[in-house]
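S.K.: structure for this input, please:
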Amino acid sequence: MLSKTIQDALNKQVALEAASSQAYLAMASWADIQPGLQGVADFFYEQSEEERVHMLKLIKYINERGGFGIVPHLEQPIITFPSLKHVFEEFLRHEIKVSESINDLVHMALQEKDYATHNFLQWYVSEQIEEERLARILNEKLELIGADKSGLYLFDRDVQNYRMQANKK
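M.R.: Down below sits the predicted model:
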């Protein structure tokens, strides 16, 4: 049985995962209407779906442990971006925020001696290591490319490969 404190904290994480899904969907939609960024659009559509899966996993866990997983109300995410670089900087900031939240949950589970929740959260800890790593790599590549249009073309083509490689692990 989940404590009220853990249940509330997990439901806050549900909301964060849902907000991530919405944010990445907005990034995908923005990229979809930019010339030559279909790879980036596909990447963020996949990211959005992945975050939705993370949210569902949390809701199911809360319910299985005798709690009530709450479907959150979501605010409108940022829907336009001044540049592709800005999109990926936002992506990295968001993943860092999610990692910090997961770390807080792990700490709380240990404080309450809720070892089942601690164990459940280890999957999220590993997932966030990969997500932050990917976001950092993509930001570094964009930094190297700068305003080089041929570099952006290659980046768009290659961004899908990073997602596929991450999914294979």
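
S.K.: how about residue 45: what's its closest non-neighbour residue?
M.R.: Counting by Cβ to Cβ, 6 or more residues apart in numbering, residue 28 is the residue found nearest to residue 45 once chain neighbours are left out, at 4.3 Å. For glycine as for every other residue, the C-beta is placed from the backbone atoms N, C-alpha and C.

S.K.: contacting residues around the one you found?
M.R.: Counting by Cβ atoms under 8 Å, 6 or more residues apart in numbering, residue 28 touches 40, 41, 42, 43, 44, 45, 47, 48.

S.K.: what does stretch 128-143 contact?
M.R.: Against stretch 128-143 from outside (Cβ under 8 Å, 6+ apart): 84-85, 88-89, 91-92, 95-96, 98-99, 102, 155, 159, 162-163, 166, 169.

S.K.: mind listing what's buried in that stretch?
M.R.: 128, 131, 134, 135, 138, 141, 142 (16 or more other Cβ atoms under 10 Å).

S.K.: repeat that for stretch 79-92.
M.R.: 81, 84, 85, 87, 88, 89, 90, 91, 92.

S.K.: ok, now how distant is the second one from residue 44?
M.R.: Spelled out, it's residue 84. 11 Å (Cβ to Cβ, to the nearest Å).

S.K.: if I look at the two, which residues touch both of them?
M.R.: residue 31.

S.K.: residue 16 and residue 102 touch, don't they?
M.R.: No - using Cβ atoms under 8 Å, residue 16 makes no contact with residue 102, being 9.1 Å away.

S.K.: what about the helices in this protein?
M.R.: For the chain, the helices defined by DSSP state H cover 4-32, 38-64, 84-111, 115-145, 149-168.

S.K.: to residue 70, which of these lies closest?
M.R.: When the helices of the chain are compared by Cβ to Cβ, helix 4-32 sits nearest residue 70, at 4.8 Å.
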